[in-house]
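# Build me a model:
(one chain, ligands or ions: 1)
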Amino acid sequence: MIILSGSSNPELATKIAEKLKKRVYFPCTQFADGEIRVQIPISLRKQNVYIIQSTSPNTNKHIMELFLMTDAVKRASGKETTLIIPYFGYSRQDRKDQPRVPISSALISNLLKISGADRIVTIDIHSDQQQGFFDGPWDNLYASYVLLPTIKQLKLPNLVIVSPDKGGTMRANAYAKRIQAEGIAVVYKERDVNLRNISKALELIGDVDGKNCLIVDDIIDTGGTIINAANLLKQRDAKKIIVSSTHGLFSSNAVQKLHDSVVEKIIITDSIYVEGMKFTNKFKVVSVSKLLSEAIKRIESGTPLSAGLLD
Ligand code: R5P
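As a prediction, this is how the structure comes out:
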């Protein structure tokens, strides 16, 4: 197999390749005018190719790199092309929720197919239905495999798992079952459609009085959703508030805002690399490299991905 990576998360790509005892190639460079150039330095004929690229900020550049690398592999007679996209940018734009808006995530999935992708692998894609946007296999892995051991180490008694919005209820339920929590609570959140990054936590369904709370979400962007949910939990007399999230975009000074908030600990994965990001002691980063390298091994050997991926 051959492993390629774009420029979005070289550290993660290197870790995955190390675990597979393989070399990772970085074939993307940029011209002075911003155009991306891709040239793969080795023959790919009849080889399975794995392209690792989170389409995280600088999102549009990273998506373009992914299209061009995929096209280059197709034209170099690779055998099967698997795109490992730990964080799939535009995944929150997955439906026509307003008049005259695109379904951006569907368009990108179609363009990946046209570029030559045979298979997609993601982690905690924002909504499961997006797998239907791609005409081919799309394996979505769960970051809970790597997050839950760290959460369990905290040994929090009387734990309630909190979803910060109704869309995350099933995820909260799954965590509650696997961690044997006392129950779940759900925040009723509203977002101003014209101010997409501003949301309000309006009401809480569930009892958190005197309980430790774990807020579980797929994405932290500006941190607003988490901070509003945490404040509401405090108003309802919750004890410790811990956060576990898969993808950390950390826009708009989110790290500092979360550090200054009532949240005591934030557990996040390394699916996204943010240049210059300095986490404070409230943050714990766990790696998805083992999860992804194991998934690649199983795709190569034709073993199911459904059970015991890290057991
Ligand atoms: C929304 O549906 C997602 O699951 C996240 O809750 C949201 O994207 C987080 O964004 P922010 O941190 O800007 O509130």
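# Give the phi and psi angles for Lys152, as a check.
When read as degrees, to the nearest 10, the backbone of Lys152 gives phi -60, psi -30.
# Can you give me the domain boundaries for the protein?
The record's domain split for the chain, according to automatic domain parsing, is 2-142+290-301, 144-286.
# Off-centre distance for the longest one?
Computed by Cα atoms, centre = their mean, to the nearest Å, the chain-centroid distance of domain 2-142+290-301 equals 13 Å.
# show me where pLDDT drops low in this structure?
192-196, 310-311 (pLDDT under 70).
# Near the ligand, which residues of it? Just list them.
Residues of the chain lying close to the ligand (Cβ under 6 Å from any ligand atom) are 92, 164-165, 167-168, 197, 199, 217-225. Where you see a C-beta, it was placed from the backbone N, CA and C, and this is true even at glycine.
# so which of those residues is the most crowded?
For those, neighbours were counted using other Cβ atoms under 10 Å, and Pro164 has the most, 29 neighbours in all.
# Would you reformat the domains of the chain as TSV and include distance to Gly308?
Formatted as TSV, these follow (distance: least, Cβ to Cβ, whole Å):
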stretch	distance to Gly308
domain 2-142+290-301	10
domain 144-286	9
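# Pick out the residue of the stretch 1-150 of the chain closest to the ligand.
Residue of the stretch 1-150 of the chain nearest the ligand, by Cβ to the nearest ligand atom: Arg92 (5.8 Å).
# Name the helix or strand for that residue, please.
Here Arg92, judged by DSSP states H and E, is contained in no helix and no strand.
# isn't it right up against Ile219?
Yes - contact between Arg92 and Ile219 holds when scored by Cβ atoms under 8 Å: they sit 7.3 Å apart.
# What about Tyr50? Give its phi and psi, please.
The phi/psi pair for Tyr50 (degrees, to the nearest 10) is phi -110, psi 120.
# In this structure it contacts Ile85, no?
No - contact status for Tyr50 versus Ile85: not in contact, 11.1 Å apart, counting by Cβ under 8 Å.
# before we move on, the earlier item: please list all residues in contact with the residue of the stretch 1-150 of the chain closest to the ligand.
Ser105, His126, Ile219 (Cβ atoms under 8 Å, 6 or more residues apart in numbering).
# Next, it: phi, psi?
Note on Arg92: backbone dihedrals following degrees, to the nearest 10 are phi -80, psi -10.
# cool, the one 4 residues further on as well?
Main-chain dihedrals, Lys96, degrees, to the nearest 10: phi -90, psi 80.
# What is the neighbour count of the closest residue in space to it that isn't next to it in sequence?
Nearest residue to Lys96, sequence neighbours excluded (Cβ to Cβ, 6 or more residues apart in numbering): Ile103, at 5.8 Å. Residues lying near Ile103 (other Cβ under 10 Å) number 17.
# Mind checking which of the contacts of Arg92 land in strands?
Among these, the residues falling in strands (DSSP state E) are Ile219.
# Could you dump the contacts of Arg92 into JSON lines and include distance to Ile242?
As requested, the contacts of Arg92 are exported to JSON lines (distance: Cβ to Cβ, whole Å):
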{"residue": "Ser105", "distance to Ile242": "30"}
{"residue": "His126", "distance to Ile242": "22"}
{"residue": "Ile219", "distance to Ile242": "17"}
